[in-house]
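**Q** Here's my sequence, what's the structure:
(chains A and B)
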Protein chains: 2
Amino acid sequence: MKAAISEFDLIARYFKRAVPAGMLGGGDDCALFSVPTGQQVATSTDLLLEGRHFFSDVDPRTLGHKALAVNLSDLAAMGALPVGCLLGLGLPDIDESWIASFADGFYDLAGRHGCALIGGDTTRSLHGITISVTVFGTVAPRRALRRSAARPGDDIWVSGVLGAADIACRMLAGTIGTDVDLLRQLRGALETPTPRVELGQALIEYAHAAIDVSDGLLQDLSHILRASGCGARLHESAIPLHPALKNLAAEPQAQAMLRQAVLAGGDLYELCFTAPVEAHAMILRLSTALNIPLSPIGSITQAPGLVVYDRAGQAISDPPSGFDHFRIG
Amino acid sequence: MKAAISEFDLIARYFKRAVPAGMLGGGDDCALFSVPTGQQVATSTDLLLEGRHFFSDVDPRTLGHKALAVNLSDLAAMGALPVGCLLGLGLPDIDESWIASFADGFYDLAGRHGCALIGGDTTRSLHGITISVTVFGTVAPRRALRRSAARPGDDIWVSGVLGAADIACRMLAGTIGTDVDLLRQLRGALETPTPRVELGQALIEYAHAAIDVSDGLLQDLSHILRASGCGARLHESAIPLHPALKNLAAEPQAQAMLRQAVLAGGDLYELCFTAPVEAHAMILRLSTALNIPLSPIGSITQAPGLVVYDRAGQAISDPPSGFDHFRIG
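**A** Modelled structure (predicted):
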């Protein structure tokens, strides 16, 4: 159903749920929020474009979830507590049922993490849907999980299981054959990723550096290494694979694809973090407490360079690189 | 010159100027900034889309200026002090000289207002340029200039001079004939508007409600009226016209167009604010001190409704309405 609803009606109808006391939500020139004394504001923004980050036939509810999830993941990677968010929405036309579903997916995830939608901007776009989300969180100064904080000897950890988002994305894009049953098991990782918000906050106690692996494990880990002036070695056999991919892992012809998916697959919202060896037991306890797999996959080295050892213990000579939003071809 | 530069190189080359001590700029999952004890964060975001808010042949330096200016204007309308901003940029390809000019325009205005660029997101777009800017400022709780704070008897004021942006926009769009000399005098108002940041902060002492008139004077004033539960009367003769439009104002056939431009023309970043009558002299002194025209154009009434009186003192029966980003036709 398409209707000539005005911008103001649109906002009032779908994006004006109550905000917590002490905050000023949409409906003024700015939104207002408070920060506890002694805390800093952590903030991040992401731009999601139709045809680039999602397709026009995407389920709007999952899109609403994901648009916020990818931003919450950035707060998680700093160990910040979500406070609020802004939503910019450029739409080519107004399909009210689409917007209602998008808003539901967005608000559901926001509510789960106490991240109030306090403002935004809507406009008509000429080409496709444009989404910009900005999140705010709070974190104690000098406690945020910085990329530059890894130290030689640290264990390298990754949360969750890897490979699913990349394989699902390739099936949906048609670059590999679609196994309907397998796709059903994998696509949740791509479409409704779980940002590791509670994990990030808990890691403030134990971890040194952290990053979310949205551009692929190796590429994002390399950002930590560059910022920290360290190197790393990783053990491919220690990297946890999505359980639905285990059968595929037994097929020799699928090895290269799986290696690519695990080491370089982007659009993944797990955390990669480094922590001193002494924290090992506590981190495993945290894994149990939060019910999130946390796997040690290698260690930080003083010597620069990132070396990945394969299952036979041999260094992989040309490991796949990660996702770059601007690299052509 | 188009080149296959990566996202990371792009950011490092053009968007990594130094940020003030105590802030964490781009290069981590989140940017970090501090808020003085007892202050709230004011924030706003705007989405600017090619073909909708600007054309592909726009001067990138003025576009960089304007993308930030429209957001700083929202901080101004709350009386907030700018602190920092995030920039999301979707580009169909990479023209390095374009990006360098855009960055210069953006950073120049940011530097003038102490608004550090602390993070963002760049991505390749399939259709046209997409810009999202989010600004942060600080303001004392309960001192922010809210739309809901107008009181019956308040004077209504507007900053600057009106009409130029709308007429320039119509000349550039070809819907009215272009007078080259006149366009030269008007287009600055459209392309490099001056956000009234210092004025907004000063008005915290004197004003009740404020809004920026980016959607047109009548429409934006009506947001104040709705939020405050008041009405207003305006005097068309008191509304200050851009000096370059004075000759046009003498031509009978231009009256309707000028009325439309002044009362309903959007894309204008002046402040409309209300203040008690006792503040009249102080506001005129502020006008002199800041060298910004500030004109009393009417008053807030207890009775609802917005009445505009023409130069003959007659109520205009059907005043032009403002700009709506979604209204069709």
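**Q** CA atoms for contacts and neighbours, from now on please.
**A** Fine.
**Q** Quick check: phi and psi on A:I129?
**A** phi -90, psi 130 (degrees, to the nearest 10).
**Q** Check the one 3 residues further on too.
**A** When read as degrees, to the nearest 10, the backbone of A:S132 gives phi -120, psi 130.
**Q** got the contact list for it?
**A** Applying C-alpha atoms under 8 Å, 6 or more residues apart in numbering or on different chains, we find A:S132 in contact with A:45-48, A:67, A:87-89, B:47, B:88, B:132.
**Q** Quick check: residues of the stretch 151-300 of chain A near chain B?
**A** For the stretch 151-300 of chain A, the contact set with chain B under C-alpha under 8 Å from any C-alpha of the partner chain comprises A:211-212.
**Q** Try it again at 10 Å.
**A** Contact residues, the stretch 151-300 of chain A versus chain B (C-alpha under 10 Å from any C-alpha of the partner chain): A:210-212, A:223-224, A:227.
**Q** one step back: now for the contacts of A:S132, which pair is the farthest apart?
**A** Spanning the widest gap among the contacts of A:S132 are A:A67 and B:L47, at 15.3 Å by C-alpha to C-alpha.
**Q** need the strands for chain A, in chain order.
**A** Taking DSSP state E as the criterion, chain A carries its strands at A:31-33, A:40-49, A:81-91, A:116-124, A:130-139, A:155-159, A:210-212, A:231-235, A:271-275, A:294-301, A:305-309.
**Q** pull the longest helix from chain A.
**A** Using DSSP state H to define each element, chain A has its longest helix at helix A:60-78.
**Q** Surely A:D104 touches A:T62?
**A** Yes: using C-alpha atoms under 10 Å, A:D104 is in contact with A:T62, at 9.2 Å.
**Q** sorry, back to before: now, of the strands of chain A, which is deepest in the fold?
**A** Counting by mean count of other C-alpha atoms under 10 Å in any protein chain shown, strand A:210-212 has the highest mean neighbour count of the strands of chain A, with a mean of 31.
**Q** domain ranges for chain A?
**A** For chain A, automatic domain parsing gives the domain ranges A:7-139, A:147-309.
**Q** Any chance of TSV for the ones you listed, columns distance to B:L10?
**A** Below are those laid out as TSV (distance: least, C-alpha to C-alpha, whole Å):
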stretch	distance to B:L10
domain A:7-139	16
domain A:147-309	15
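**Q** Now for A:H280: which residues touch it?
**A** A:154-155, A:157, A:206, A:286, A:296 (C-alpha atoms under 10 Å, 6 or more residues apart in numbering or on different chains).
**Q** Next, give me the two most distant ones among the residues you listed.
**A** Largest pairwise distance in these, by C-alpha to C-alpha, is 17.4 Å, between A:D154 and A:L286.
**Q** Of those two, which one has the most company?
**A** A:D154 (23 against 18; other C-alpha atoms under 10 Å in any protein chain shown).
**Q** I figured the more buried one was touching A:F273, is that so?
**A** Yes: taking C-alpha under 10 Å as the definition, A:D154 is a contact partner of A:F273 at 9.3 Å.
**Q** so what sits against both of these two?
**A** Common neighbours of A:D154 and A:F273, counting by C-alpha under 10 Å, 6+ apart, are A:207-209.
**Q** Next, format these as CSV and append neighbour count.
**A** Below are the shared contacts of A:D154 and A:F273 laid out as CSV (neighbours: other C-alpha atoms under 10 Å in any protein chain shown):
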residue, neighbour count
A:A207, 26
A:H208, 22
A:A209, 28
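**Q** Output these as a markdown table; include the columns distance to A:V19.
**A** Formatted as a markdown table, those follow (distance: C-alpha to C-alpha, whole Å):
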| residue | distance to A:V19 |
| --- | --- |
| A:A207 | 33 |
| A:H208 | 34 |
| A:A209 | 33 |
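**Q** now the helices for chain A?
**A** A:7-14, A:60-78, A:96-112, A:164-173, A:180-191, A:197-203, A:217-228, A:246-249, A:255-264, A:280-290.
**Q** Packed most tightly, which of the ones you listed would that be?
**A** Most buried among the helices of chain A, counting by mean count of other C-alpha under 10 Å: helix A:60-78, with a mean of 27.
**Q** Can you give the distance from that one to the centre of its chain?
**A** Averaging C-alpha positions (C-alpha atoms, centre = their mean, to the nearest Å) puts helix A:60-78 6 Å from its chain's average.
**Q** got it, and stretch A:95-108?
**A** Averaging C-alpha positions (C-alpha atoms, centre = their mean) puts stretch A:95-108 21 Å from its chain's average.
**Q** Then stretch A:205-219?
**A** On C-alpha atoms, centre = their mean, the centre of stretch A:205-219 falls 10 Å from the chain's centre.
**Q** shaky segments in the stretch 51-200 of chain A?
**A** Residues of the stretch 51-200 of chain A meeting the criterion pLDDT under 70: none.
**Q** Would you format the contacts of A:S132 as TSV with distance to B:M257 included?
**A** Below are these laid out as TSV (distance: C-alpha to C-alpha, whole Å):
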residue	distance to B:M257
A:T45	40
A:D46	40
A:L47	38
A:L48	39
A:A67	42
A:L87	35
A:G88	32
A:L89	31
B:L47	28
B:G88	36
B:S132	32
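**Q** Next one: A:L263, what pLDDT does it get?
**A** Reported pLDDT at A:L263 in the predicted model: 95.
**Q** and the residue sitting nearest the centre point of chain A, how far is that from A:T138?
**A** Chain A has A:Y269 as the residue nearest its centroid, 2.8 Å off, counting by C-alpha atoms, centre = their mean. When distance is defined by C-alpha to C-alpha, to the nearest Å, A:Y269 is 20 Å away from A:T138.
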